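Mind looking at a prediction? Sequence and model below.
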Amino acid sequence: MPRRNERGVAFPSPVVMLSVIAVAMAGFAFVATMDSPETERKVENVAQERVDPTPTAEPSATPTKKAKPKPKINRAKVYVEVYNNSGITGLAGRTAEKISAAGWQVVGSDNWVGHIPEPTVYHPPRLAREAKQLALDLGISRTKEAVAPMKLDRLTVILTG
């Protein structure tokens, strides 16, 4: 009796083939768009103001109140402490010099022990505006209310690596 040859090719099902192709295309799309910069888009209002053809009574002559401008921040009157929470030697000192050059009153710099996820400007509630300005001056995107053991009469900058 002759031996039977069992060699052959098994083709995968169409569902498996489509899944493999879809995963490959998704990977290609991810790699192709990974480093593309985000673009700003101008949003235009499509709704138009409705014009009423019938005349109305003249508006009353009550003057409108203008919003009072916020007083400017006097950087020289705001105390700032700078702490280094990274392994970079001298980071707090260099940043303190930069803050002083911007007009803030730096009263100390040292190392900070603890876990801070990203550079942060901590502030007491009354110095929230000043904290946002200092964060802008330094390019820091995070501000938080001060917690113990931070002093409540100054801003506290904690730098991370």
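On my side now, so go ahead.

mind listing what Gly90 touches?
Counting by C-beta atoms under 8 Å, 6 or more residues apart in numbering, Gly90 touches Asn84. (C-beta placed from N, C-alpha, C; glycine too.)

same question for the biggest helix by length in the chain, mean pLDDT?
Ranked by residue count, the top helix of the chain under DSSP state H comes out as helix 14-33. Averaging pLDDT along helix 14-33 gives 84.

Which elements pack onto it?
Using 3 or more C-beta pairs under 8 Å, 6 or more residues apart in numbering; DSSP states H and E, no helix or strand is in contact with helix 14-33.

what element comes up after it heading to the C-terminus?
strand 79-84 (DSSP states H and E).

now for that next one, which elements pack on it?
Short answer (3+ C-beta pairs under 8 Å, 6+ apart): strand 79-84 packs on helix 91-101, strand 105-111, strand 155-159.

Give me the distance from the first one to the chain's centre.
Helix 91-101 sits 22 Å away from the centroid of its parent chain (C-alpha atoms, centre = their mean, to the nearest Å).

So which residues make contact with it?
80, 82-84, 106, 109-111, 134, 137-138, 157, 159.

re the thing from before, now the longest helix of the chain: buried residues?
Going by neighbour count (16 or more other C-beta atoms under 10 Å), nothing in helix 14-33 comes out as buried.

cool, and stretch 70-89?
Ile73, Arg75, Val78, Tyr79, Val80, Glu81, Val82, Tyr83, Asn84, Asn85, Ser86.

how about the nearest residue to the residue minimising distance to the centre of the chain, chain neighbours excluded?
Centroid-nearest residue in the chain, with C-alpha atoms, centre = their mean: Ser141, separated by 4.8 Å. Closest residue in space to Ser141, ignoring its immediate chain neighbours: Ala135 at 7.0 Å, by C-beta to C-beta, 6 or more residues apart in numbering.

that's a helix at the one you found, yeah?
Yes - applying DSSP: H, G, I helix; E, B strand; the rest coil, one finds Ala135 inside a helix.

wait, what's in contact with it?
Applying C-beta under 8 Å, 6+ apart, the residues near Ala135 are Val121, Ser141, Arg142, Thr143.

Next, format the buried residues of stretch 70-89 as CSV and append pLDDT.
Formatted as CSV, the buried residues of stretch 70-89 follow (pLDDT from 0 to 100):
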residue, pLDDT
Ile73, 86
Arg75, 90
Val78, 93
Tyr79, 95
Val80, 95
Glu81, 94
Val82, 94
Tyr83, 94
Asn84, 93
Asn85, 92
Ser86, 89
